[in-house]
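**Student:** sequence-free structure coming up:
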């Protein structure tokens, strides 16, 4: 037989495109359209419905960037259409290739009842099935003219990313506003042909099944009268029935489809627009649930549910009903799908606390899974947090984006830094926007790496980001793929149903230990520095506010600010979303974030000040409040007293323009260029800086990645570097015991102050950068005379080790990595820490000196600033302030302590007497991360702590109040029955494994 595959396949494509799909709507009449353009920001629904619109014609342009237009469409169903199905086709000017990244709409009835969303691939509204003829049609559309930021030529700088710079040029052309007859038989034929055509091309050419489908498709095409598609569609479908009814083989891959719409809580649109995106999508999905009895939709991010409840109560009512029916499923148990690299320990815990509690309070539903399909890598401390929140599974898809190494598993167990293991799944479909295309289903089956041991995978199905979620076409395709020869099988299931099956069939999956590093989007650790600083400072202000408010509440009856802290925490958690904190959103988002962080700082400082004054009383005794978890200058952790300062620092200028700082513990030499050429540990008789090298070296790189400007830094950036060694001035600081350095480069200026406090083994570097570069990357380098095969970076509830070498491609790919408050390197008995107050990105490299002593130079470089031009063309322009500390002779405990210290400066006030800690711990390795009152308002004191040095620890926790009972709890402060602490009055003894996290709830007598 001759091979005529290409002939039949080309025929199928043309007939579908030019004859069959157009015949889905064989008759149409135009609707009358009028529009009212809302001035400024979106208006309430009732105001939009009541507004007086002006006529507008199809073909007219509409919609200034970020505007809202209320369309009213009216018409009459022709009498001749009686007994037929009629839909409104409402095309606002969509581009079907961009679902979710352009204009959108939400359709309302005149009484304000929401109908469904309008999206590029979801433009229809059902009028009647069947109609009687003569019905009057009146619909209202709240249309958002969101501009296209990520266009066909992506990553071009644009001013459209902020309403303050976007201008007023109309963005869209009204394309179609019609009533049309919907021919369901033709629509079903389209899906039959699509499913079989897409399956056919995925099968091997030598497969008999491929040829069976080809011949059936050919017979169906022969049956279609191209001038009467509707009249012959049923006959064509009958010729496909046999090949559609042939069941799949028992051994095929099995896909659990989960209705899904991954909606970024902010990205190429502001937060306020996400509120409406969620309303449109949930309207669509509740409508689809009513029409499709097997369909199940899952939605993560409790914040987005809360938005619907607050802003769209008419949509919320439909959502609640669908949840009660088990068809609309809360997923993930987090406040947002956050970044997981940069959020601090408590913040990461609170993501689960507030997310899970929302779903429990609203629906009585507890999530067992963490749902993070799009997050840019996963910190090694996360498994313990997931478990401590009462969850046991994790789903993500993003690691499939890695550019260098292919991850070896799709279903596996992930082990964190403390040994906690979480059953984890990466969907092999490699997308969180699956549309049930044959190529996607075939890829999932072929790609699945755990064949022979497992056969289940999950496919998140639907258009995200305002694309409207799952479509009726996707549901219809899934129905055909439920049991179809040649294809993986597809069934709609909830995430929990999938995980239960996957875990049951794979009792001993492979184990991956340590971080899940995304070999892409590394620059998100640095972009938008002020957003990152706002996050770091908010986290630590919240610690202080909870600590001092709880202490004051127990000691003085101070009113604990439950509601204020709850609201502030949720705001901070929202801004940890994986396109806000990483710095990859439009200018509007980051402009608002900066203002939000400033407002929150004011509120939190007000709470802290009021609580401290309640504790200190009225008096003139100088007091220092220490919110850090370690004693410093004689002030206990969590307490206040007059500090004890010992020693002095001397500054000695030299005739060659260099300076020496000496406090008896460290001697720091700064040359005439303002570079640190020696950091000598006097007690250890040990030099910190590598021979012939200089620290405090600012280095400037060109930074123009191949794509994803705000997200990516590509390895070739390191090929070109400029050392900023020329100084405008190097002088003594105003206090006489510090060194001030000023440099200029390009259009920018850096001012630094280097200081060495008395009695401290810590050189503090305060850096102010007035940054006006474009597509540049600024690093701060510390070349250290340390031979270390690995180094430690702080992560949630502990630290994680990475190699300093690049033996394998896995190690080489980690050329930019994340730290929290410190990195630490050491040889046995002596190490160095570099602590920071707000930076996350860094790189570590090593070389062997070929001259001199032949020793090893290990260089730590802190990432300070970038200047990408997309999506924010003015990224990071302006003044930035950073603080870092170089700590010679530091062990890991010193690194932990200095990381806390630099982020929690002392607060000094006057009062009557010292304040004893509400809770104290007798072991430095056990770090208290939170002291607060229980969220339920009971007045119980909640204490969270962990082992921080990476070893075992025995510690006694002492409460500064009478204790009536103690319970070990999960993160949601619910008692764990299997754990009973040892108590002796107000003293509790605990034994901790390396990095183990514990939460105690102390009932006050």
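**Tutor:** Cool, got the structure. In this text, all values refer to a predicted model and were calculated from it rather than measured experimentally.
**Student:** Just give me the neighbour total for residue 850.
**Tutor:** 6 (other CB atoms under 10 Å). Using the backbone N, CA and C atoms, a C-beta is placed for each residue, glycine as well.
**Student:** Could you report the separation of it from residue 502?
**Tutor:** Using CB to CB, to the nearest Å, one gets 53 Å for the distance from residue 850 to residue 502.
**Student:** And for residue 656?
**Tutor:** Residue 656 sits 68 Å away from residue 502, taking CB to CB as the criterion.
**Student:** And the two? Which one has more around it.
**Tutor:** Here residue 656 and residue 502 are set side by side on neighbour count (other CB under 10 Å), and the busier one is residue 502, at 23 against 7.
**Student:** who's in contact with that one?
**Tutor:** Residues in contact with residue 502 (CB atoms under 8 Å, 6 or more residues apart in numbering) are 411, 423, 425, 454, 456, 457, 458.
**Student:** Can you name the two of these that sit furthest apart?
**Tutor:** 423 and 457 (13.7 Å; CB to CB).
**Student:** The two: who's more crowded?
**Tutor:** Shown here are residue 423 and residue 457; by other CB under 10 Å, residue 457 has more neighbours (24 against 19).
**Student:** Would you mind confirming that the more buried one makes contact with residue 258?
**Tutor:** No - taking CB atoms under 8 Å as the definition, residue 457 is not a contact partner of residue 258, at 11.1 Å.
**Student:** Now do the helices in the stretch 201-350 of the chain.
**Tutor:** With DSSP state H, counting those that start in this stretch as the criterion, the stretch 201-350 of the chain has helices at 208-223, 229-238, 241-245, 271-291, 302-311, 313-324, 345-363.
**Student:** just the angle between the second one and helix 208-223, please?
**Tutor:** Between the direction of helix 229-238 and that of helix 208-223, the angle (axes from the mean of the first three to the mean of the last three CA atoms, to 10 degrees) works out to 150 degrees.
**Student:** model confidence over helix 229-238, on average?
**Tutor:** Here helix 229-238 scores 98 as its mean pLDDT.
**Student:** before we move on, what about the fifth one?
**Tutor:** If you average the pLDDT over helix 302-311, you get 98.
**Student:** Was I right to think residue 588 contacts residue 159?
**Tutor:** No - the criterion here is CB under 8 Å, and residue 588 misses it with residue 159 at 11.0 Å.
**Student:** Now do the buried residues in the one helix or strand residue 966 maps to.
**Tutor:** According to DSSP states H and E, residue 966 maps onto strand 963-969. Buried residues in strand 963-969, counted by 16 or more other CB atoms under 10 Å: 963, 966, 967, 968, 969.
**Student:** Out of the residues you listed, flag the one nearest to residue 539.
**Tutor:** Using CB to CB, the buried residues of strand 963-969 come closest to residue 539 at residue 969, 21.5 Å.
**Student:** For the closest one, give me its contacts.
**Tutor:** 942, 975, 976, 999, 1000, 1001.
**Student:** mind running it again at 6 Å?
**Tutor:** 975, 999, 1001 (CB atoms under 6 Å, 6 or more residues apart in numbering).
**Student:** ok, back up a step: can you tell me the strand partners of the next helix-or-strand element following the strand holding residue 966 and which way each runs?
**Tutor:** Of the helices and strands lying after strand 963-969 in sequence (DSSP H and E), the nearest is strand 982-984. As defined by DSSP bridges, the strand partners of strand 982-984 come to strand 987-992 (antiparallel).
**Student:** The helix or strand following the strand it pairs with packs against which elements?
**Tutor:** Toward the C-terminus, strand 987-992 is succeeded by strand 997-1004 as the next helix or strand (DSSP H and E). Applying 3 or more CB pairs under 6 Å, 6 or more residues apart in numbering; DSSP states H and E, one finds that strand 997-1004 contacts strand 941-947, strand 963-969.
**Student:** Now mean pLDDT too, for the ones you listed, in CSV please.
**Tutor:** Shown next, in CSV, are these (pLDDT from 0 to 100):
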stretch, mean pLDDT
strand 941-947, 98
strand 963-969, 95
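**Student:** TSV for these, including distance to residue 887?
**Tutor:** Shown next, in TSV, are those (distance: least, CB to CB, whole Å):
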stretch	distance to residue 887
strand 941-947	21
strand 963-969	34
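**Student:** with the contacts of residue 969 in mind, which one is nearest to residue 536?
**Tutor:** Of all these, residue 536 sits closest to residue 999, with 22.9 Å by CB to CB.
**Student:** Roughly how far does residue 400 sit from residue 386?
**Tutor:** Here residue 400 is placed at a distance of 21 Å from residue 386 (CB to CB).
**Student:** For the two, indicate the residue with more neighbours.
**Tutor:** Set residue 400 next to residue 386 and count neighbours by other CB under 10 Å: residue 386 wins out with 25 against 18.
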